[in-house]
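[1] What follows is a predicted protein model with its sequence.
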Amino acid sequence: MIDIDKIRADFPILKEKVNGKPLVYLDNAATSQKPQVVIDSIVNYYSTINANIHRGVHTLSQVATDAYEEARVKLQHHFNAQNSYEIILTAGTTHSINIVATGFTSLLKKGDEIIVSTLEHHSNIVPWQMLCERTGAILKVIPINHEGELLMDSYDELLTNKTKLVFVNHVSNALGTINPIKEIIDKAHAVGAAVLIDGAQSCPHIKPDVQALDVDFYVASAHKLCGPTGVGILYGKEEWLNKLPPYQGGGEMIKQVTFEKTTYAGLPHKFEAGTPNIAGGIAFGVAIDYMNEIGFENIAAYENELLTYATKKLLQIEGLKIYGTAKQKTAVISFNIGDIHPFDIGSIIDKLGIAVRTGHHCAQPIMAFYNIPGTVRASFAFYNTFDEIDALYDALVRAQMMLS
Ligand code: PMP
């Protein structure tokens, strides 16, 4: 069960006013808000234990190193990785994907095939296109139906013994569709392909089990999970992380450096060149603890109630059309009202304190599929309320009146 008053009290920003109105924050798919424990963790780090990690013999450096490595272990347990060194701390999902895409340059050859889906965020498209340009590999795309679901029959047809990699998001940021990733992974493995799952949008709602999924790579960003920006994870199976070359060279990622030859450190440090976001990594661990305390099943059940209520309510608005009506979806509603430009709706309701996203949501192929320039996207989190959905409804009715 969600104790909504208690939860909302944990988030200082939810007491803020925007444009003189109480903030109604419905842009959670872009980034989540931060509970006080996460904010405190960052302040405490810089106030009491700030030091560089993995380098010093002095006490503060060891305390900071222990705190950072404890966060890695928390993440290992959360994602159910077999080993903590399979959790690489990165700057976020985009960084994690680029580590893998760049690493595969030396592992692919001309004519190899890569499969992505129409539902991807640009950060799970562009790095693979760049990889294809470098290697001569071919990018193939799983199409979708009108509800915004992947056409799994087409996926079956795309898979061949030339398929080397499959990249799919667990949940679409633009539509909220939850993809059948276990089936996608199993089918890819049957033809010998590796799979990367972009968990940026699923992790705030679903606790993934990377061993049960048998996934090769799983990536996510802390900032969508009540943690800070500039930190994320790359989970990779040990055998794959050993096969991939390092992404960046620098301090921290070496065993020995001479001008003749440098040898690299083992996992996870091979992929962690330079001083990382130490405070961010520690706060990521605190955010994961916070969300686990509430419970991901409770979060998903409550958000599902919000989604059902909001869908019903918004559909009462004349001319409102929802894009993405998959049977399995998270609490995201992407919509347009008649032919009013999404930006105009977003700007007017912002004046009423309501924060939504407008535009193509870094998923232009989805907008092209529906033949629209963009949508208004309301995305809900476990700290949102039914009253906030009513406020969204009222604001949209007002915007429609002003703009029609
Ligand atoms: N993939 C998906 C599905 C996303 O929603 C996002 C963020 N909107 C990203 C990747 C990129 O995440 P980040 O900007 O944190 O690197």
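    Cool, the structure landed. Residues are numbered from 1 along each chain as shown.
[2] Could you use CA atoms for every contact and neighbour count after this?
    Noted.
[3] all strands of the stretch 151-300 of the chain, in order?
    Using DSSP state E, counting those that start in this stretch, the strands assigned to the stretch 151-300 of the chain run over residues 163-169, 194-198, 217-221, 232-236, 254-257, 262-264.
[4] Relative to the ligand, which of those is closest?
    Evaluated over the strands of the stretch 151-300 of the chain, closeness to the ligand peaks at strand 217-221, with 4.9 Å, by C-alpha to the nearest ligand atom.
[5] is the closest one anywhere near the ligand?
    Yes: if you take C-alpha under 6 Å from any ligand atom as the test, strand 217-221 does meet the ligand, through S221.
[6] Mind listing the strands that strand pairs with, and their directions?
    Strand 217-221 has its sheet partners listed here by DSSP bridges as strand 194-198 (parallel), strand 232-236 (antiparallel).
[7] Looking at these, which one is packed in the most?
    strand 232-236 (a mean of 28; mean count of other C-alpha atoms under 10 Å).
[8] Please parse this structure into its domains.
    4-28+295-403, 39-292 (automatic domain parsing).
[9] Looking at the longest one now, give me its mean pLDDT.
    Which is domain 39-292. For domain 39-292, the mean per-residue pLDDT is 96.
[10] Stretch 314-323 too?
    The pLDDT scores in stretch 314-323 average 98.
[11] list the buried ones in it?
    Going by neighbour count (16 or more other C-alpha atoms under 10 Å), the buried part of stretch 314-323 is 314, 320-323.
[12] Identify those among those residues that sit within helices.
    Per DSSP state H, helices hold the following members of these: L314.
[13] out of the buried residues of stretch 314-323, which one sits closest to M367?
    Comparing the buried residues of stretch 314-323 against M367 with C-alpha to C-alpha picks out Y323 as the nearest, at 9.5 Å.
[14] what about the closest one, distance to E147?
    Y323 is 7 Å from E147, where distance means C-alpha to C-alpha, to the nearest Å.
[15] Kindly report the same for P22.
    For P22 relative to E147 (C-alpha to C-alpha), the value is 34 Å.
[16] Please apply the same query to V219.
    V219 is 26 Å from E147, by C-alpha to C-alpha.
[17] Neighbour count: these two, which is higher?
    Taking other C-alpha atoms under 10 Å, V219 and E147 do not tie; V219 has more neighbours (25 against 14).
[18] how close does the more buried one get to A287?
    Using C-alpha to C-alpha, V219 is found at 17 Å from A287.
[19] Spell out which parts of the stretch 151-300 of the chain neighbour the ligand.
    Counting by C-alpha under 6 Å from any ligand atom, the stretch 151-300 of the chain comes close to the ligand at 169, 172-173, 198, 200-201, 221.
[20] By neighbour count, which of those wins?
    Counting by other C-alpha under 10 Å, top hit in these: S221 with 31 neighbours.
[21] ok, that residue touching G92?
    Yes: S221 is within contact range of G92, at 4.5 Å (criterion: C-alpha atoms under 8 Å).
[22] got any residues that touch both of those two?
    Contact criterion C-alpha atoms under 8 Å, 6 or more residues apart in numbering; residues shared by S221 and G92: 229-233.
[23] List just the nearest of those residues to L392.
    For the shared contacts of S221 and G92, the nearest to L392 is T229 (26.7 Å; C-alpha to C-alpha).
[24] How about the closest one, nearest residue that isn't a chain neighbour?
    Counting by C-alpha to C-alpha, 6 or more residues apart in numbering, H223 is the residue found nearest to T229 once chain neighbours are left out, at 4.8 Å.
[25] What of L213?
    Nearest-residue entry for L213: K182, 5.8 Å, with adjacent residues in sequence omitted and distances by C-alpha to C-alpha, 6+ apart.
[26] and that neighbour, how many residues sit next to it?
    Using other C-alpha under 10 Å: K182 sits among 14 other residues.
[27] Tell me the bridge partners for the closest residue to E318 other than its chain neighbours.
    Leaving aside its sequence neighbours, E318 sits nearest to I337 (C-alpha to C-alpha, 6+ apart; 7.6 Å). Under DSSP bridges, the beta-bridge partners of I337 are L320.
[28] Was I right to think I337 contacts K321?
    Yes: here I337 reaches K321: they are 6.3 Å apart, a contact under C-alpha under 8 Å.
[29] Could you tell me the model confidence score at the residue nearest to E318?
    Predicted confidence (pLDDT) for I337: 98.
[30] mind listing what it touches?
    318-321, 400.
[31] Which of those sits closest to I178?
    Using C-alpha to C-alpha, the contacts of I337 come closest to I178 at K321, 19.9 Å.
[32] Pull up the gap between that closest one and N371, please.
    The gap separating K321 from N371 is 13 Å, by C-alpha to C-alpha.
[33] Likewise for Q82?
    Between Q82 and N371 the computed distance is 44 Å (C-alpha to C-alpha).
[34] Looking at the two, which is more packed in?
    Shown here are Q82 and N371; by other C-alpha under 10 Å, Q82 has more neighbours (14 against 10).
[35] Much appreciated, bye for now.
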